[in-house]
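A.B. asks: Pasted the sequence and its predicted model underneath.
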Amino acid sequence: MPATPAWPPASTPRLHIDQPLEALASIVIGGAQAHYLAGVMRMKVGDPVRLFDNISGEWLAEVVNLGKRELHLNISGKLSERELVPDLWLLTAPIKKGRIDWIIEKACELGVARIVPVLTQRTIVDKINPDRLSAHMIEAAEQCGRTALPELAEMVKLTAMLANWPADRTLIFADEAGGAPMAEAITPGPAAILIGPEGGFTDDERAAIRAHPAARGVSLGPRILRADTAVVAAITLWMAIAGDWR
Ligand code: SAH
């Protein structure tokens with residue numbers, strides 16, 4: 001565990017910046033981020049801000065000038081390198097707005113490396129809004145201290161996903177019909193957790209997933225969980241056993 005620096009204070013605002021920070025000595029913040037810093041957080045000249053770019057780690061900056069719609073920050077030094085994220089993907093069927101946003105937020109906080117929306121036969125929602133989901137992911141990363149954003153993959157059909165599955169990645173299939181406990185399903189190395197939609201998987205889908213050489217069926221207990229609960233429960237178990245919570 002790296003030591004937490006005494007400065008800046010923990011409550012210092014953190015912002016994801018969509019450009020490389022490594023070579024920058026200063027930066028101008030506009031738009032919604034400027035509104036957040038000036039209007040919501042009431043930042044003043046001299047106040048610290050933490051910035052991360054998903055490439056070079058986290059940087060300490062200081063407000064040097066406040067305009068009407070923008071803030072000028074000087075970047076004073078590096079706080080930390082970009083983190084190493086456990087190699088866990090979340091494969092989740094898109095579910096209705098609100099709930100998929102919640103899933104994305106929680107998966108980011110819990111520490112997944114990549115989120116893949118998967119279309120299944122009983123998926124009710126067949127479109128996602130990548131911009132909205134990315135915004136939720138970035139907000140979660142800002143809040144929880146991540147310096148690496150999860151990658152949000154394009155939506156893929158379950159059949160195509162299984163056909164193109166990387167051989168070295170264990171496919172942990174959360175099967176409400178039963179399976180091994182998570183602790184017995186985990187093997188060392190890259191992994192992915194697959195959670196179905198509200199209506200679950202069809203029998204055909206379950207058979208196809210279970211027949212896949214990379215797949216391990218796991219149970220999340222004797223009760224049927226909602227998809228969003230199952231996501232959090234499965235990631236939590238994996239992180240505690242094989243991830244970076246140890
Ligand atoms: N088919 C169910 C609901 C599916 S729950 C029904 O309609 O009654 C949504 C998803 O959460 C499932 O597809 C599965 O991936 C996961 N899930 C829920 N409860 C689970 C459990 N007890 N064990 C393993 N996975 C579970």
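C.D. replies: Perfect, I can see it now.
A.B. asks: in this protein, which ranges drop under the pLDDT threshold?
C.D. replies: 1-4, 10 (pLDDT under 70).
A.B. asks: Spell out which residues make up each domain of it.
C.D. replies: Per automatic domain parsing, the structural domains of the chain span 14-80, 88-241.
A.B. asks: buried residues in the helix or strand that contains Gln143?
C.D. replies: Assigned by DSSP states H and E, Gln143 belongs to helix 130-144. By 16 or more other Cβ atoms under 10 Å, the buried positions in helix 130-144 come out as 133, 136-138, 140-142. To be clear about C-beta, it is placed using only N, CA and C from the backbone, and glycine gets the same treatment.
A.B. asks: Stretch 93-110 too?
C.D. replies: So stretch 93-110, judged by 16+ other Cβ under 10 Å, has buried residues 93-95, 99-101, 103-110.
A.B. asks: Check stretch 51-66 too.
C.D. replies: Here stretch 51-66 shows 51-54, 56-63 as buried, counting by 16+ other Cβ under 10 Å.
A.B. asks: Return the distance of the residue positioned nearest the centre of the chain relative to the ligand.
C.D. replies: The centroid of the chain falls nearest to Cys108 when counting by Cα atoms, centre = their mean (2.5 Å). Taking Cβ to the nearest ligand atom, to the nearest Å as the measure, Cys108 falls 19 Å from the ligand.
A.B. asks: contacting residues for that residue?
C.D. replies: 115, 136-137, 140-141, 144, 146, 149-150 (Cβ atoms under 8 Å, 6 or more residues apart in numbering).
A.B. asks: how far away is the closest residue to it other than its chain neighbours from Ile55?
C.D. replies: Using Cβ to Cβ, 6 or more residues apart in numbering and skipping residues adjacent in sequence, the residue nearest Cys108 is Ala140, 3.9 Å away. Note on Ala140: its distance to Ile55, by Cβ to Cβ, to the nearest Å, is 18 Å.
A.B. asks: In CSV: the buried residues of helix 130-144, plus distance to the ligand.
C.D. replies: Shown next, in CSV, are the buried residues of helix 130-144 (distance: Cβ to the nearest ligand atom, whole Å):
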residue, distance to the ligand
Leu133, 19
His136, 20
Met137, 21
Ile138, 26
Ala140, 21
Ala141, 25
Glu142, 28
